[in-house]
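> please find the sequence and the predicted model below.
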Amino acid sequence: MESIELVFTILIAILFSGLIGRFLPWGLPLPLIQIALGFVISGVFDEGILLNPEVFFLLLIPPLLFLDGWRIPKDELRRDKAGIFQLAFGLVIITVFGLGYIIHWMIPSMPLAVSFALAAIVSPTDPVAVQGITRRLPVPRRLMSILEGEALFNDASGLVAFRMAVLAAMTGVFSLTQAVTSFVWVAVAGITAGVATTWLLSLIHQRINRYLGEEQGSEILLSLLTPFAAYVVAEAIGGSGILSAVAAGLMMSSLELSGRISPMTRMRRTAMWDLLQFTLNGFMFILLGEQLPTIFNEAIDLVNQTGHHNPWWLLIYAAVISLALTAFRFIWVTICVYIPRLISRNGRQSGIPAWRYIFILSFAGVRGAVTLAGVMTLPFLLPDQSEFPGRDIAIFLAAAVIIISLIAASIVLPLLLKGVAPSQEFHISYTNQRKMAIQTAYEQAADHLKSLIDELDKNDHLDKQFYDEVKTRLLAEFVNGFRLEDEEKNLEYDKYLAERALRLALIDQARSSIFQLARKKIISDELARELVERLDFDHIRFT
């Protein structure tokens with residue numbers, strides 16, 4: 001029962017963390033607030049949540065990676081694919097080997113394979129943590145898209161490298177040829193499993209909907225189960241469940257463009273995923289804070305294994321690892337920025353000075369949920385039933401690196417972004433695409449209305465002028481509905497705004513009246529919910 005109470009306490013803490021983040025005037029990052037709340041919770045409950053590491057990983061990671069792959073802008077992903085690939089794969093490989101040897105040099109009692117595993121699991125960055133820090137800062141769109149793309153794919157590359165290092169620690173055997181072959185297989189099998197599983201589930205569901213009609217609950221539940229199905233299928237064939245979840249998200253994004261899902265289902269599905277993302281990320285950081293005392297105590301008990309007697313050496317190790325991670329990012333980003341400049345004049349990636357660009361990318365490499373979830377999957381025992389070497393120390397160092405990276409980014413990024421003006425390149429491109437899309441939709445809608453009117457005119461005897469007036473009004477409402485407040489106003493747009501204000505006032509009053517009738521028990525609450533749902537839909541449509 002106490003575990004259930006702890007889970008509900010964590011959920012309540014997630015709720016309050018959002019309120020605290022909006023209340024504090026200086027913009028304390030949400031992950032740090034959640035870690036602090038988790039630390040408070042640890043003082044209330046004697047025991048934390050004890051989960052099987054594999055189950056823990058399965059429940060938390062696939063939906064987060066799936067959602068990242070689903071929602072990441074694909075045009076920006078294609079545009080910045082070179083920079084994203086260099087950070088997500090090249091930097092991870094350098095970090096795993098370079099930092100692995102540094103950790104083994106500092107802590108000789110930690111086997112080299114375990115050191116590589118720790119280096120691999122702290123290499124992935126967390127876009128949610130970065131967004132929590134930069135939500136009030138003018139981060140250039142280009143930099144943010146690179147950071148999001150890097151986090152999407154270095155989750156996969158870092159976790160695959162982590163699994164391979166753990167396997168080497170368990171078996172005591174490491175072969176570079178076998179490692180490369182295994183990496184290629186798990187990558188290809190994982191991506192294939194993710195794409196195939198998502199496509200197959202979607203195809204089956206479409207066939208069912210064609211004969212039985214769409215069920216909103218089933219659509220939402222299918223999207224929720226898809227990342228878990230993709231993960232399980234990939235793991236069953238020896239592929240990477242992580243890459244499978246990412247590929248499933250990318251595939252779902254492509255399938256969504258078919259437009260077969262009803263608007264209301266999309267609205268509800270989006271709300272469900274927003275809630276799930278906020279909850280899972282909050283759960284991860286609060287769980288980190290809740291387990292910090294236990295992690296620290298267990299690490300202190302084993303501090304003698306590091307060759308020292310003072311537990312503060314653990315914090316020194318964490319600080320060195322954090323500095324090394326930043327140094328590797330700085331060196332790699334510098335190479336990636338300046339080598340294209342030497343080759344071509346078009347190698348510049350951003351409208352801000354190169355040195356500031358490099359420092360922002362270096363300090364924006366914040367670690368978060370994936371690092372914590374991954375490191376907690378370290379096995380407890382080796383195949384011979386002996387304890388897995390360095391497990392508690394590795395968990396502590398990973399947790400400390402997360403906190404240090406969050407604090408460092410919270411201090412440094414505001415200073416680096418001070419005075420940076422928002423980039424106009426994205427705004428211009430977005431505006432042009434927006435105008436083109438609206439114009440194309442307008443022309444095709446006008447043609448479609450004309451054909452419908454011609455068909456209706458044959459079957460009834462309404463006045464032709466009536467259809468023309470309706471067509472003109474509908475097309476005007478369509479165009480005005482996409483106008484922005486800062487666009488140049490004209491008389492027709494002013495009329496539209498006035499009509500919209502009256503329409504929204506009508507909807508608000510009608511909604512209040514329905515609630516009042518339900519409170520007085522004149523109508524049933526079921527009918528009230530049905531009517532209010534319809535009014536809510538109209539309210540969203542006209543706002």
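Cool, got the structure. If you're wondering where the values come from, they're calculated on a predicted model, not measured in any experiment.
> ok, residue 366 - contacts?
Neighbour list for residue 366: 125-126, 129-130, 133, 405-406, 409 [criterion: CB atoms under 8 Å, 6 or more residues apart in numbering]. (Each C-beta comes from the backbone N, C-alpha and C, glycine too.)
> these in helices, which ones?
Using DSSP state H, 129-130, 133, 405-406, 409 are the members of these that sit in helices.
> including distance to residue 119, could these go into TSV?
Listed next are those as TSV, based on distance: CB to CB, whole Å:
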residue	distance to residue 119
129	19
130	21
133	24
405	14
406	19
409	20
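> Provide the backbone phi and psi angles at the closest residue to residue 387 other than its chain neighbours.
Nearest residue to residue 387, sequence neighbours excluded (CB to CB, 6 or more residues apart in numbering): residue 381, at 6.5 Å. Backbone torsions for residue 381, taken as degrees, to the nearest 10, come to phi -130, psi 150.
> what's the local residue count around residue 381?
11 (other CB atoms under 10 Å).
> over to residue 58?
Quick note: residue 58 (other CB under 10 Å) scores 18 neighbours.
> one more: residue 81?
Quick note: residue 81 (other CB under 10 Å) scores 13 neighbours.
> find the nearest non-adjacent residue to it, please.
residue 149 (7.8 Å).
> distance of the one you found relative to residue 371?
18 Å (CB to CB, to the nearest Å).
> more neighbours, the two?
Set residue 149 next to residue 371 and count neighbours by other CB under 10 Å: residue 371 wins out with 30 against 25.
> quick one: the nearest residue to residue 216 once chain neighbours are set aside and residue 219, what's the gap?
Spatial nearest neighbour of residue 216, excluding adjacent residues (CB to CB, 6+ apart): residue 265 at 4.7 Å. The gap separating residue 265 from residue 219 is 5 Å, by CB to CB.
> might one say that residue 36 is in contact with residue 290?
No - counting by CB atoms under 8 Å, residue 36 stays clear of residue 290, with 10.7 Å between them.
> columns pLDDT and neighbour count on top of the contacts of residue 366, output as JSON lines?
Shown next, in JSON lines, are these (pLDDT from 0 to 100; neighbours: other CB atoms under 10 Å):
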{"residue": "125", "pLDDT": "88", "neighbour count": "29"}
{"residue": "126", "pLDDT": "79", "neighbour count": "27"}
{"residue": "129", "pLDDT": "71", "neighbour count": "29"}
{"residue": "130", "pLDDT": "71", "neighbour count": "27"}
{"residue": "133", "pLDDT": "71", "neighbour count": "28"}
{"residue": "405", "pLDDT": "91", "neighbour count": "28"}
{"residue": "406", "pLDDT": "88", "neighbour count": "23"}
{"residue": "409", "pLDDT": "87", "neighbour count": "25"}
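> nearest to residue 397, out of those residues: which one, please.
When the contacts of residue 366 are compared for distance to residue 397 (CB to CB), residue 405 wins out at 12.3 Å.
> quick one: residues contacting the closest one.
Counted by CB under 8 Å, 6+ apart, residue 405 has contacts 129, 322, 325, 365-367.
> so which of these are in helices?
Per DSSP H, the contacts of residue 405 map to helices at 129, 322, 325.
> ok, those residues vs residue 235, which is closest?
Distances from residue 235 to these, taken by CB to CB, are shortest for residue 129, at 26.7 Å.
> wait, the closest one touches residue 367, no?
Yes - using CB under 8 Å, residue 129 makes contact with residue 367 at a distance of 7.4 Å.
> how close does residue 129 get to residue 320?
From residue 129 across to residue 320, the span is 21 Å (CB to CB).
> related to what we said a few turns ago, which strand or helix spans the residue nearest to residue 216?
Using DSSP states H and E, the element containing residue 265 is helix 263-301.
> over to residue 419?
Here residue 419 is assigned to no helix or strand, by DSSP H and E.
> distance check, it against residue 143.
On the measure of CB to CB, residue 419 and residue 143 end up 15 Å apart.
> compare neighbour counts for these two and give me the winner.
More crowded of residue 419 and residue 143, by other CB under 10 Å: residue 143, with 24 against 9.
> okay but the more buried one is in contact with residue 359, surely?
No - in this structure residue 143 lies outside contact range of residue 359 using CB under 8 Å: 11.2 Å.
> nearest the geometric middle of this protein, what residue?
residue 68 (4.1 Å; CA atoms, centre = their mean).
> what sits closest to that one if chain neighbours are left out?
Nearest residue to residue 68, sequence neighbours excluded (CB to CB, 6+ apart): residue 152, at 4.8 Å.
> can you list the domains in the protein?
Here the domain assignment for the chain is 52-422, 423-464, 483-543, based on automatic domain parsing.
> more neighbours, residue 36 and residue 290?
Counted by other CB under 10 Å, residue 36 and residue 290 do not tie: residue 290 has more neighbours, with 27 against 17.
> sticking with the nearest residue to the more buried one once chain neighbours are set aside, tell me its helix or strand.
Excluding the flanking residues, the one nearest residue 290 by CB to CB, 6+ apart is residue 38, at 4.0 Å. For residue 38, the host element (DSSP H and E) is helix 30-42.
> one more: residue 316?
helix 312-343.
> list the buried ones in that helix?
Residues of helix 312-343 classed as buried: 314, 317-318, 321-322, 324-326, 328-330, 332-334, 336-337, 340 (neighbour count, 16 or more other CB atoms under 10 Å).
> which residues of the stretch 1-150 of the chain score low on pLDDT?
Residues of the stretch 1-150 of the chain that meet the criterion pLDDT under 70 lie in 1-3, 25-27, 45-53, 127-128, 131-132, 134-136.
> got the residue ranges for the helices in it?
Residue ranges of the helices in the stretch 1-150 of the chain, as given by DSSP state H, counting those that start in this stretch, are 2-23, 30-42, 53-71, 74-79, 81-85, 91-106, 112-121, 127-134, 141-171.
> turn these into TSV, including distance to residue 448.
Shown next, in TSV, are these (distance: least, CB to CB, whole Å):
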stretch	distance to residue 448
helix 2-23	43
helix 30-42	45
helix 53-71	30
helix 74-79	27
helix 81-85	37
helix 91-106	50
helix 112-121	54
helix 127-134	40
helix 141-171	35
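> now for those, which one comes closest to residue 242?
Nearest of the helices of the stretch 1-150 of the chain to residue 242, taken as CB to CB: helix 141-171 at 4.7 Å.
> skip ahead from that closest one and say which helix or strand is next.
Moving toward the C-terminus from helix 141-171, the next helix or strand (DSSP H and E) is helix 176-212.
> that next one vs helix 53-71, what angle?
70 degrees (axes from the mean of the first three to the mean of the last three CA atoms, to 10 degrees).
> pull the contacting residues for residue 524.
If you count contacts by CB under 8 Å, 6+ apart, residue 524 has them with residue 518.
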